[in-house]
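Trainee: Coordinates for the following, if possible.
(2 chains)
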Amino acid sequence: MSKPPQTPTPPHQEDLDAFLIAQMRDDFIIEAREILDRLGPLLADFEKSGDEDQAKAIFRDVHTLKGTAGFVGLEAIQSLAHKIEDLFGALRGGKLSLTTELIDLAFEGLQFFEVVHADLLAGGAGEGNVSKLIQRMDALQHGKVSGKTKISAEPRYSSPMDATGQNTLRVEVKALDQLMFLVGELITRRNALQASAEELKNERLAEITTAIDRLTSQLQSAVTEIRLTPIEMLYNRFIPVVRNLARERDKDVRLLIEGGETPFDRTIFEQMYNPLVHLIRNAIDHGLEPAAERIDAGKPAEGNICLSAERHGEDVLLRISDDGRGINLENIRSAAVKRGLLSQEEAQALSQDQAIRLIFTPGMSTAVEITELSGRGVGMDVVVQNVRRLRGSVDVEMQPGTGTAFVIRLPLSLAVLDVLLVQCVGHIYALPLQVVRETMQLAVEDIHTLQLGRVVFVRDTALPLNSLRTWLKREGEGLDKTVPLKPAVVIRLLTGDVVLLVDALVGRQQVVLQPLNPLLGVVNGVDGTALLPDGSVALILDVEGLAHA
Amino acid sequence: MTKKILAVDDSNSVRKMVEFALKSRGYNVTTASDGQDALELLEKNQYDLVVLDINMPNLDGISVLKTVREHPDRGSLPVLMLTTEGQESDRDRALTLGATDYMVKPFKPTELLERVEKLLVM
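Mentor: Below is the predicted model of the structure:
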């Protein structure tokens, strides 16, 4: 029989092997992600149900992980997956019974896979030491483990994910980004068209412009929706995290997931993972009290951590809450004084809300004095920086004794944003609506001078008064004092709200974020630029950067 | 004539690797990701060889093999089973049920190609 014809792809055997295995490694990273997403909820469900089909599904997923890891030479994953497969094989064969210890170990394994996976994603070798964990699994399998307290991690989710993906299509994130970029270009042109149509006052042109406007908006939301995945795909990754941390700290912790169906931009899952791990670690380490202390305080022994999400218009709100002891405000105040950030008097004068926001102040979170509050010394920096990079904001709500909640607000779409245009010294600047609470007109008598500086009372709360001119270092060119009312914007900062004086309020506008030329490097206080309908360019301001410059 | 091969594996990356390797040698390759799909394809098409994973959702490789061998015309269709370490009993069952040959994962793509060539000559 004749030999099959050769194709022009790598002619040499060794080359073909190397080529295909390298490609397989990239595919493996995607495939492993899908498997890990399934395994967390599957393990948690199986622990409760003991269902044979679920045991089979776990066995199969771990088996696939083992098989593929072997091909691409990831020995740590391969041997650990092999061991877990072994355990579930023994379980299915009746040689091992379903115990909390078994599920605990499986979750530790899952956590290891997550760590290795993150390493692979970051371009690492994807190795690690698993021999200890495997030894403990061996010990369990051969009956050398005593009983242990029960820790439950029960996710509540609304609908099981369709892992097989009927009627779905895999799309490269890059292709989605390109589509989003094109929509962005279209929006910019639409804005220009609208401006021209208004000038020309042509009825026919106005009609067409309205139609194009509507279609553009529909196209934009359709493209945005494609990128969305239920957030439980992200939240489920914390099932093993919570469980393992709870065990390490010897605490009973229940994980609740609410609003798991809320749509979330799949492309920012990875960027949100570490910030959320940090908040969860803080909650377990410092928020939730030991069982005895909880009982004394009249709470159930088991602590609760709740991850919830909801959509607010074009934003998504993520809420990470615990029912622990809250944050000790006295510790924060004294840490701020020790760091020289505030005087004793200033620290005591802060309201509860202002004091709690000190944890976001740069320098505070790395303070040795409050590592107790911030976990492993990494501090809130990770959280704040990551969220800011995604143009979101972080808020904290706290009731001493009853718990802490962090609320992260993120825009649903990262490329297109709604802004408030303001004027300052003859230029137009864009403030992302995410940071704008409200606008107001201030009369001279609204401005009060207190010890801490000038303030404005907004609904009985004294908010510090700033001016955009000062922030932009243009204060030399003073305001026209003859104007009776001064426009101002209430801005949401991490350290609390502030009132910001501007020269004029121009209006709301939807714009497309154009990142700054990378050759300029990072410009503090500027997020990017936006092309305005009249063809001029506005700087999109990063208020956190400006406020702390 | 170009040989037609059906490659069945539930793992995306393994399936893609097998597909690419076979295509690089000019074979006409069709893929399926579970046993059910594989059987449907086998109903409708003629293949010269099947590469068949054992552990799969919706009907495993052993069941597919059994159905293939029960078919009057498919008694000699070469079926190469893909197994892994620790699946020795499944592998033995597959051989008893008429699997032509087996390979143990992980293997090099070129090892698979050598094996496939041999089976097609037989």
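Trainee: Quick check: buried residues in stretch A:32-42?
Mentor: A:32-42 (16 or more other CB atoms under 10 Å in any protein chain shown). Glycine gets a C-beta too; all of them are placed from N, C-alpha and C.
Trainee: I should have written stretch B:89-98 there, sorry.
Mentor: Per 16+ other CB under 10 Å, stretch B:89-98 contains these buried residues: B:90-91, B:93-94, B:97-98.
Trainee: And those, which is closest to residue A:525?
Mentor: residue B:90 (63.5 Å; CB to CB).
Trainee: show me the contacts for the nearest residue to the closest one once chain neighbours are set aside.
Mentor: Nearest non-adjacent residue to residue B:90, counting by CB to CB, 6 or more residues apart in numbering or on different chains: residue B:54, 5.2 Å away. Listed by CB atoms under 8 Å, 6 or more residues apart in numbering or on different chains, the contact partners of residue B:54 are B:60-62, B:81-83, B:87, B:90-91, B:94.
Trainee: what are the phi and psi angles of residue B:54?
Mentor: With angles defined as degrees, to the nearest 10, residue B:54 sits at phi -90, psi -50.
Trainee: Show me where chain B has its helices.
Mentor: Applying DSSP state H to chain B gives helices spanning B:12-24, B:35-44, B:61-70, B:88-96, B:109-121.
Trainee: Now render these as a markdown table, adding distance to residue A:65 and mean pLDDT.
Mentor: As requested, the helices of chain B are exported to a markdown table (distance: least, CB to CB, whole Å; pLDDT from 0 to 100):
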| stretch | distance to residue A:65 | mean pLDDT |
| --- | --- | --- |
| helix B:12-24 | 11 | 93 |
| helix B:35-44 | 20 | 94 |
| helix B:61-70 | 18 | 94 |
| helix B:88-96 | 18 | 89 |
| helix B:109-121 | 20 | 94 |
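Trainee: Which of those has the highest mean neighbour count?
Mentor: helix B:12-24 (a mean of 21; mean count of other CB atoms under 10 Å in any protein chain shown).
Trainee: got the contact list for it?
Mentor: A:7, A:9-10, A:16, A:20-21, A:23-24, A:27-28, A:30-31, A:67-68, A:71-72, B:5, B:7-9, B:29, B:31, B:33, B:51, B:53, B:82, B:105, B:109-110, B:112-113, B:116.
Trainee: Ok, stretch A:178-196 next?
Mentor: A:205, A:209, A:212-213, A:216, A:219-220, A:223-224, A:226-227, A:413, A:415-416, A:509-513, A:531-535.
Trainee: Okay, now the unreliable bits of chain A?
Mentor: For chain A, the stretches flagged by pLDDT under 70 are A:1-14, A:144-170, A:362-379, A:415, A:476-483, A:517-522.
Trainee: among the contacts of stretch A:178-196, which are in helices?
Mentor: A:205, A:209, A:212-213, A:216, A:219-220, A:223-224, A:226.
Trainee: Give the PyMOL command for selecting the buried subset of these.
Mentor: Command for PyMOL that selects the buried part of those, burial taken from 16+ other CB under 10 Å:
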select buried, chain A and resi 209+212+213+216+220+223+224
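Trainee: quick one: which of the ones in helices among the contacts of stretch A:178-196 is nearest to chain B?
Mentor: residue A:226 (20.8 Å; CB to the nearest CB).
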